[in-house]
Structure formats: C-alpha cells, structure tokens
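Enquirer: A predicted structure for the sequence below; I have some questions about it.
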Amino acid sequence: MMNGRSENNSDITEIYKELEAELASINPGCDACGTCCHFDKFDHILYASTVETNYILENVEAPHFDPDKNVCPFLANNQCTIREYRTLGCRVFFCNPDYKEKYQDIYNKYYTMIKDLAMRNQTEWHYAPMMKVLKDS
Ligand code: SF4
Ligand code: SF4
C-alpha cells in the first residue's frame, strides 16, 4: 500500500508556489539574516507537520543535531541551507511588525491546504515543534 508521501510532494510544491506568490504581493521584507532561525534567541517555536518535514527529508539529508539546542539544524553560517524545501512556518514568519496581523490568516489558510492534502492522500499527520518532528522521523 502506498503511504501517500510521493503524491504529497508535487502538491506541496504547488502549495508553496501559491504561497510565495501571495507573499510577494504583500512584500513583508526580509534580509535573510537568519536570526529568527535561532529559536532560542528569538523566543520562537517553529511548528511543522509531518507532511512538511517529510518533504524536507525526502529531498535533503538532515544533519545530526542536538534537539536541546533549539537552533534549526538546517542553519549554517546564518543561512538557510534548504530554502527550497523549508516549512510553511519558515516561509510565513517575518519579523516586520506591520505584517503581524496578516500572518495568522495566511498561516491558517496554507496550514489547512497542507492538512487537506494529508487527509486526501491518507498520509500520517503529526503536528508539533519542528525540532521534535524531525527528531522522531
Ligand atoms: S528550515 Fe531554514 S528557514 Fe526554516 S528555521 Fe531552518 S534555517 Fe530557518
Ligand atoms: S524574518 Fe527578520 S529575523 Fe528572520 S531572517 Fe528575515 S529579517 Fe532576519
């Protein structure tokens, strides 16, 4: 029996494309400094679903990491090494305070699309802090 993972891959690429187009029209601004990927310093918890982490792990190899450190393992020299595959939360989060009100609505819209995708393809669905989901994968 197929686990639905491969069906998810092309669909999530399309979902991310639609999201990027929507964000481009809003343009919240980001200089890709990598500060928000230091979850400890930024007081930020990045949540992700298994659909999103599977998409990463099927395309890149996860480095060994210490889950107690609370820094994204894909950050190297303050740069995201997996930009093409990064999670919904990575894509939607911006530190721009003027964007805060829009953030939640956009997140919810795309979260629902990703969850619907998992249901449609009968894929395992688990949603938790990304560091935990990665550690358990
Ligand atoms: S995946 Fe990339 S953008 Fe997301 S937290 Fe990690 S380094 Fe930052
Ligand atoms: S959202 Fe802000 S903190 Fe995060 S990488 Fe962009 S500019 Fe840096």
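Expert: In hand now; what should we look at? Numbering: from 1, shown residues only. Ligands and ions are numbered 1, 2, ... in the order given.

Enquirer: mind checking pLDDT for Gln122?
Expert: Note on Gln122: pLDDT of 91.

Enquirer: Double-check that it belongs to a helix.
Expert: No. Read with DSSP: H, G, I helix; E, B strand; the rest coil, Gln122 is coil and lies in no helix.

Enquirer: Name the residues of the worst-scoring helix or strand of the chain on mean pLDDT that come out as buried.
Expert: Every helix and strand in the chain was compared by mean pLDDT, DSSP states H and E; the lowest is helix 39-42, with a mean of 87. Neighbour counts over helix 39-42 (16 or more other CB atoms under 10 Å) mark Phe39 as buried. All C-beta atoms are positioned from the backbone trio N, CA, C, and that covers glycine.

Enquirer: Touching that helix from outside, list them.
Expert: By CB atoms under 8 Å, 6 or more residues apart in numbering, the residues outside helix 39-42 that reach it are 35-36, 45-46, 69-72, 131.
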